[in-house]
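Asks: Mind looking at a prediction? Sequence and model below.
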Amino acid sequence: LMRQAHDAIVICDQRGEIVEVNDQCEVLFGRSEEELLKREVKDLVAPGSAEQVAALEHLLASEIRADPAVRQTVEFQVLHADGSIRYVEASAGEVALDGGNLKIGILRDITQRKQHEVKLRESEERYRYLVEGSLQGLAIVQDEKIAFCNQAFATLFGVAGPVELIGTDPSVLFPPSDLELVREHRRIQLQGGDVAPLLKHKGIRKDGTVIWLESMRQLVNWDGRPAIQITYIDITNQKHLEEQLLGAQRMEAVGRLAGGIAHDFNNMLAVMSRYGELAMDQLDEEHPARKDVNVMVNATQRAAALTR
């Protein structure tokens, strides 16, 4: 049973010399049984793990005095034959034999778990760097509360830091005119429905200033439950420029319309003026209608001058 155990088992004497190992122990250290026997356990421990091994020996002595059935574990590093480091979780015990007491160590290889922990920690650090260093406001909304936000999000809404917003109702960040739109968008997403990937709406800063936002939302899992992750971009300046451009385009359209009207009006005035001049040429100087026709011609000329 010992030789077929899933954990490495090493038995050593009181001097610390190995007297027996199982198959898994050979795998853990990358050495044959012959290479391991008569070696001291301390020779197989990686540099920097001496304190942990000493702690294990201390636990062994204290547990035997207190309750032999209780075994605590210690994590440390051991050396593989190829020079690599392996992480183990170890517990130890002691058995009494006629020839003296023997120490039994049970070593569980946790190298893969430790590597996963390191990768996870590195991934979390990279994600934290990306989130905290982002110029875009990022937030997680769950159960109608802000569960998380970064500094850019806090700055966007005129707040000193995320701590002032986490745990608060996000509805205070939007004016009544846009609040229902934002809520409906979030409700549909939580129910698994399809919504537009981008949403443009207004927000309210802490000082009451109204800003324009472009938000992108997606359904995520946060602490094991559904939530909405939102990315915010401040487009206030863009909206102001769009309004200015729209105003300029309207003025341009009005100008073109006025120019067209003036052109047509001038054409009509030119006809009136020309016919008036023809009429005056046909009237004698003393003709009673000549004066009225002259007034008409002068009026059309002044009207034409106004439209130039």
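Replies: The structure has been received and is ready for your questions. Numbering: from 1, shown residues only.
Asks: what about residue 11, is that helix, strand or coil?
Replies: strand (DSSP: H, G, I helix; E, B strand; the rest coil).
Asks: What's the separation between the closest residue to residue 194 other than its chain neighbours and residue 181?
Replies: Nearest residue to residue 194, sequence neighbours excluded (C-beta to C-beta, 6 or more residues apart in numbering): residue 188, at 7.7 Å. Glycine gets a C-beta too; all of them are placed from N, C-alpha and C. From residue 188 over to residue 181 the distance is 11 Å, taken as C-beta to C-beta, to the nearest Å.
Asks: repeat for residue 281
Replies: With C-beta to C-beta as the criterion, residue 281 and residue 181 are 72 Å apart.
Asks: just residue 227 next, same as before
Replies: 19 Å.
Asks: Hmm, residue 304 and residue 269 touching each other?
Replies: Yes - judged on C-beta atoms under 8 Å, residue 269 makes contact with residue 304 at a distance of 4.6 Å.
Asks: Which stretches in this structure count as helices?
Replies: Taking DSSP state H as the test, the helices found in the chain are 23-29, 33-36, 50-66, 111-133, 151-156, 176-190, 236-282, 290-306.
Asks: Tabulate these (JSON lines), appending distance to residue 90, mean neighbour count and mean pLDDT.
Replies: Output for the helices of the chain, formatted as JSON lines (distance: least, C-beta to C-beta, whole Å; neighbours: other C-beta atoms under 10 Å; pLDDT from 0 to 100):
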{"stretch": "helix 23-29", "distance to residue 90": "11", "mean neighbour count": "19", "mean pLDDT": "92"}
{"stretch": "helix 33-36", "distance to residue 90": "16", "mean neighbour count": "14", "mean pLDDT": "92"}
{"stretch": "helix 50-66", "distance to residue 90": "6", "mean neighbour count": "14", "mean pLDDT": "62"}
{"stretch": "helix 111-133", "distance to residue 90": "13", "mean neighbour count": "11", "mean pLDDT": "83"}
{"stretch": "helix 151-156", "distance to residue 90": "43", "mean neighbour count": "20", "mean pLDDT": "94"}
{"stretch": "helix 176-190", "distance to residue 90": "47", "mean neighbour count": "15", "mean pLDDT": "89"}
{"stretch": "helix 236-282", "distance to residue 90": "61", "mean neighbour count": "12", "mean pLDDT": "79"}
{"stretch": "helix 290-306", "distance to residue 90": "102", "mean neighbour count": "14", "mean pLDDT": "80"}
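Asks: Kindly present those as a markdown table, with separate columns for distance to residue 220.
Replies: Below are the helices of the chain laid out as a markdown table (distance: least, C-beta to C-beta, whole Å):
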| stretch | distance to residue 220 |
| --- | --- |
| helix 23-29 | 40 |
| helix 33-36 | 50 |
| helix 50-66 | 39 |
| helix 111-133 | 13 |
| helix 151-156 | 16 |
| helix 176-190 | 10 |
| helix 236-282 | 27 |
| helix 290-306 | 66 |
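Asks: Show me the one of those helices that comes nearest residue 214.
Replies: Judged by C-beta to C-beta, the one of the helices of the chain that comes nearest to residue 214 is helix 236-282, at 8.5 Å.
Asks: Could you check the angle the closest one makes with helix 290-306?
Replies: When axes from the mean of the first three to the mean of the last three C-alpha atoms, to 10 degrees is applied, the directions of helix 236-282 and helix 290-306 differ by 160 degrees.
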